[in-house]
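In: I'll drop the sequence and a predicted model, then ask my questions.
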Amino acid sequence: MELWYAIVDLLPFEWAESGSMYFMKNALLAVLVISPLFGILSTMVVHSRMSFFSDALGHSAFTGMAIGALCGFAEPTWAAVVFAVVFAVLFNVVRRRTAMASDTVIGVFSSTAVALGIFISTLGSRSFTKFNSLLIGDILSVEPSKIGVLALILLLVCALWGLSFNQLMLSAVHPALADSRGVRVFWQETIFSAAIAVVVTLSMTWVGLLVINSLLVLPAAAARNVSRNLFQYHLFSLLGAVLAGIAGLMTSYYVGSSAGAAITLYLAVWFFLTFFLRKKG
């Protein structure tokens, strides 16, 4: 982290001065790690028509948090990660073994996760208020250790993209054709779902449960408006997520708003700009 702090010290902002406001410097690094993850995963979420899947994962992560708190874990986030990954795997198993549409299966899992989370968090007449922070998030409370975990996940996701890009795209567009060509669609989807589960769970406490789904939809949705090929699609999604992440963090710092909400609003503006550019083309 010392190298990162030395780099940030060169920026022309008062919070970037040496030896001060480390929380803001940590938050900036977190944005630079999280936003590329959202930009990359967003392309698969939109391409696979799984826009509400991340929302369901957020609900499952909340339930995992409640379970971790009930069990007395010092760090319930890791219980939430495990629960979200199990949730994602079970979702894929059920979806593969039923004729129901994906959105129906997502609705079943999402509503069940929400009900279970509320039931556990209010068990014994306990107050729900201690979980309110998960709804809005606070990126200024990010810990360097979790940034390291997300950085490792970013490297793993990039490696997966490089090794399995064509298979992932084919599985998303035409699963039956991918199966016929020897692609293990179930495992591709499961790994992809697990990656989303981990990213959503770890970043939920920073960007907020209420807006986390939009961060996995808007970057690729905006990129789709103006891209002419797959390379542009992924590039614009990645750049849009990163720029909106930085702009949202700066805005939240100077006006005192939620960073997650500010990032989402910038992405929404980016989406409408690309929408009108697409109309003019």
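Out: Done, it's in.
In: CA atoms for contacts and neighbours, from now on please.
Out: Will do.
In: Now do the helices in the stretch 51-200 of the chain.
Out: Ranges of helices in the stretch 51-200 of the chain, per DSSP state H, counting those that start in this stretch, are 53-70, 77-96, 102-121, 132-136, 144-173, 175-180, 185-207.
In: For residue 233, find the nearest of these.
Out: With C-alpha to C-alpha, the closest approach to residue 233 among the helices of the stretch 51-200 of the chain belongs to helix 144-173: 12.3 Å.
In: And the average pLDDT for that closest one is what?
Out: Averaged over helix 144-173, pLDDT sits at 78.
In: helices or strands next to that helix in the packing?
Out: With contacts defined as 3 or more C-alpha pairs under 8 Å, 6 or more residues apart in numbering; DSSP states H and E, the packing partners of helix 144-173 are helix 22-47, helix 175-180, helix 185-207.
In: let's go with 7 Å and repeat that
Out: Here helix 144-173 touches helix 22-47, going by 3 or more C-alpha pairs under 7 Å, 6 or more residues apart in numbering; DSSP states H and E.
In: helices and strands around the helix it packs on, which ones?
Out: Helix 22-47 is packed against helix 144-173, helix 218-226, helix 230-255, with contacts defined by 3+ C-alpha pairs under 7 Å, 6+ apart.
In: hmm, try it at 6 Å
Out: Helices and strands touching helix 22-47, by 3 or more C-alpha pairs under 6 Å, 6 or more residues apart in numbering; DSSP states H and E, are helix 218-226, helix 230-255.
In: For residue 31, which non-adjacent residue is closest in space?
Out: Among residues not flanking residue 31 along the chain, residue 245 sits closest, at 5.9 Å (C-alpha to C-alpha, 6 or more residues apart in numbering).
In: Dump the helices and strands packed on helix 22-47 into CSV; add mean pLDDT as well.
Out: Shown next, in CSV, are those (pLDDT from 0 to 100):
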stretch, mean pLDDT
helix 218-226, 92
helix 230-255, 92
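In: Tell me which of those helices lies nearest to residue 188.
Out: Here helix 230-255 is closest among those (C-alpha to C-alpha), at 18.5 Å.
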